[in-house]
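Trainee: coordinates only, sequence not included:
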């Protein structure tokens, strides 16, 4: 049943591939490549260097830097030393990093020299005490990690990893803005690999090349490359998302699989270099973060000429819960493109009402998940853990329904982001789908804003296509032809761009903060 019976924990991925295919390329970053054998030796040295420090119970090793070969060296070195790996968001302000570091209490923080000022500002006010190790993520020359670990043995320390030991500690703020450390275990991550390998549409080949585009502090950034390496496939690393550089690397590194958000697909295809880019190496485009609209999919299928797979998951689930398979990307029945598909093998999803009981198919409720891949809990937050984990089920906070005809699942909103106007529940995704059908609209984000009469009103932020002209009244009239009057935007705001996270998601919290200034908003 297991694809690799000798892989039980994250560091076993390197051990296994170094043993069976030592000379196979594992990592590519610009002009630099690293084989599985070289990665194995480098991570053994790092593990032994880490073990020479005084480590607390359940030690944490942190990393702050863009996507790079050193990220993987630290990840596997830390887990070989029996530590949890904490990728930090390098876009955060020092005050935000302090909150995370004070909670996680890492022993060592590996810092790309580019972020030296940020870590120094953080150290100055953090109550956590940690060793800082500087390195360079440049693709040419030594990173500095070699010098730091040079005096230590290349022999694997073979520290045993227990199934429920934390392998990855990933902080997610969710919709509330309060950081929560999601504890992902070796067992959960290994079961994630099993769920994937049992899914016919997620079969990897030895000659596959995954392009790592999403940031390493996001589960899509860290998790899918682990999936690739687990299957003996190489990872081409793009340090940071820039559409022009992404297109150039597709041309030079010839990836077969790439993971993007729909917003990133659009930005990439809108780039002037896209027309001359050869996409013929691609087998799959995997996307997550939001559904893809029919107009964008049609364009991408024509220009990229490969199959598309949508992922739906959560950090807390160690990866994908459901996928919308290539055959389900139906341009004839384009409403199915709004679906997140059906669960992977071994994963159960039920849709429940406020009382926790299952609701009939077709009725909106909250997605609850039972899976062997689930996280251990939120670090140092037992109350928050109990709020979402009960009797083996995880409350995702996503509102949606199961189609009674074909079993496809549809997400309509985050439960906490639902707009309540005049006693009616309004799901932003439904409004966005309607608004984006207007030919002048390039991008759209919908939120709720305070309203003296109705409690909340629907606000739409609109980015127009280049050269397009559209008025608020025209957009409202368009929306009325597609959705009920109470769902139609009452406030339309035209903007040059939307705030986008490094993972390609629209930051609705930023938009909400703008319109809710000075207001109190009850959050369930």
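Mentor: Structure's in. What do you need? Since the structure is predicted, the reported quantities are computational estimates derived from the model, not experimental observations.
Trainee: For the residue minimising distance to the centre of the chain, which non-adjacent residue is closest in space?
Mentor: The centroid of the chain falls nearest to residue 220 when counting by CA atoms, centre = their mean (3.5 Å). Residue nearest to residue 220 in three dimensions, not counting chain neighbours: residue 214, with 4.2 Å by CB to CB, 6 or more residues apart in numbering. C-beta coordinates here come from the backbone N, C-alpha and C atoms, glycine included.
Trainee: Next up, the contacts around the one you found.
Mentor: Contacts for residue 214 were tallied using CB atoms under 8 Å, 6 or more residues apart in numbering; they are 220, 221, 224, 241, 259, 260, 261, 502, 503, 504.
Trainee: tell me which of those residues is nearest to residue 138?
Mentor: residue 241 (18.2 Å; CB to CB).
Trainee: now, which of the contacts of residue 214 lie within strands?
Mentor: In strands, judged by DSSP state E, the following of those are found: 259, 260.
Trainee: For the helix ranked longest in the chain, name the packing helices and strands.
Mentor: Ranked by number of residues, the top helix in the chain under DSSP state H is helix 36-51. With contacts taken as 3 or more CB pairs under 8 Å, 6 or more residues apart in numbering; DSSP states H and E, helix 36-51 sits against helix 12-20, strand 25-29, helix 69-80, helix 145-149.
Trainee: any chance you could map the helices in the stretch 51-200 of the chain?
Mentor: Using DSSP state H, counting those that start in this stretch, the helices assigned to the stretch 51-200 of the chain run over residues 69-80, 94-104, 116-125, 145-149, 186-197.
Trainee: Can I get the ones you listed in TSV including mean pLDDT?
Mentor: Formatted as TSV, those follow (pLDDT from 0 to 100):
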stretch	mean pLDDT
helix 69-80	98
helix 94-104	94
helix 116-125	95
helix 145-149	94
helix 186-197	97
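Trainee: Quick one: the helices in the stretch 351-500 of the chain, in order.
Mentor: Secondary structure of the stretch 351-500 of the chain (DSSP H, counting those that start in this stretch): helices at 382-388, 428-435, 472-480.
Trainee: just those helices: most buried one?
Mentor: Across the helices of the stretch 351-500 of the chain, averaging neighbours per residue (mean count of other CB atoms under 10 Å) puts helix 428-435 on top, at a mean of 22.
Trainee: tell me the domain boundaries of the chain?
Mentor: According to automatic domain parsing, the chain comprises the domains 12-400, 418-515.
Trainee: distance between the ends of the longest one?
Mentor: Right, domain 12-400. The first residue of domain 12-400 is 37 Å away from its last residue (CA to CA, to the nearest Å).
Trainee: same question, the shortest one
Mentor: Criterion CA to CA; first-to-last residue distance in domain 418-515 is 16 Å.
Trainee: so how far is it off the chain centroid?
Mentor: Centroid separation for domain 418-515 versus its chain: 24 Å, with CA atoms, centre = their mean, to the nearest Å.
Trainee: what's the answer for the first one, then?
Mentor: Taking CA atoms, centre = their mean, one finds domain 12-400 lying 7 Å from the centre of the chain it belongs to.
Trainee: wait, what's in contact with residue 133?
Mentor: Contacts for residue 133 (CB under 8 Å, 6+ apart) come out as 108, 109, 110, 111, 144, 145, 148.
Trainee: what stretches of the protein score poorly on pLDDT?
Mentor: Residue ranges of the chain with pLDDT under 70: 173-177, 502-503, 517-524.
Trainee: so which of the domains of the chain is the most packed in?
Mentor: The highest average neighbour count among the domains of the chain, using mean count of other CB under 10 Å, belongs to domain 12-400 at a mean of 19.
Trainee: Return the residues in contact with the residue nearest to residue 22 when sequence neighbours are not counted.
Mentor: Using CB to CB, 6+ apart and skipping residues adjacent in sequence, the residue nearest residue 22 is residue 37, 3.6 Å away. Going by CB under 8 Å, 6+ apart, residue 37 touches 18, 22, 23.
Trainee: Help me confirm that the last one is found in a helix?
Mentor: No: membership of residue 23 in a helix is not supported by DSSP: H, G, I helix; E, B strand; the rest coil, which gives coil.
Trainee: Grab the nearest non-local neighbour of it.
Mentor: residue 35 (5.5 Å).
Trainee: Dig out what that neighbour forms beta bridges with.
Mentor: Beta-bridge partners for residue 35, by DSSP bridges, are residue 25.
Trainee: Test my guess that residue 515 contacts residue 449.
Mentor: Yes: between residue 515 and residue 449 there is a contact under CB atoms under 8 Å: 4.2 Å.
Trainee: Overlap in contacts, these two.
Mentor: residue 459.
Trainee: that older thread, measure the residue nearest to residue 220 to residue 286 for me?
Mentor: Remark: distance between residue 214 and residue 286 (CB to CB, to the nearest Å) = 10 Å.
Trainee: Now list whatever residues contact both of those two.
Mentor: By CB under 8 Å, 6+ apart, the residues touching both residue 214 and residue 286 are 224, 259, 260.
Trainee: circling back to that earlier point, the residue nearest to residue 23 and residue 27, how far apart?
Mentor: 9 Å.
Trainee: related to what we said a few turns ago, pretty sure the residue nearest to residue 23 is touching residue 14, no?
Mentor: No: in terms of CB under 8 Å, residue 35 does not count as a neighbour of residue 14; the distance is 10.8 Å.
Trainee: Give the intersection of the neighbour lists for those two.
Mentor: Common contacts of residue 35 and residue 14 (CB under 8 Å, 6+ apart): residue 26.
Trainee: circling back: for residue 413, find the nearest of the helices and strands packed on helix 36-51.
Mentor: Per CB to CB, nearest to residue 413 of the helices and strands packed on helix 36-51: helix 69-80, 33.2 Å.
Trainee: Many thanks, we can stop here.
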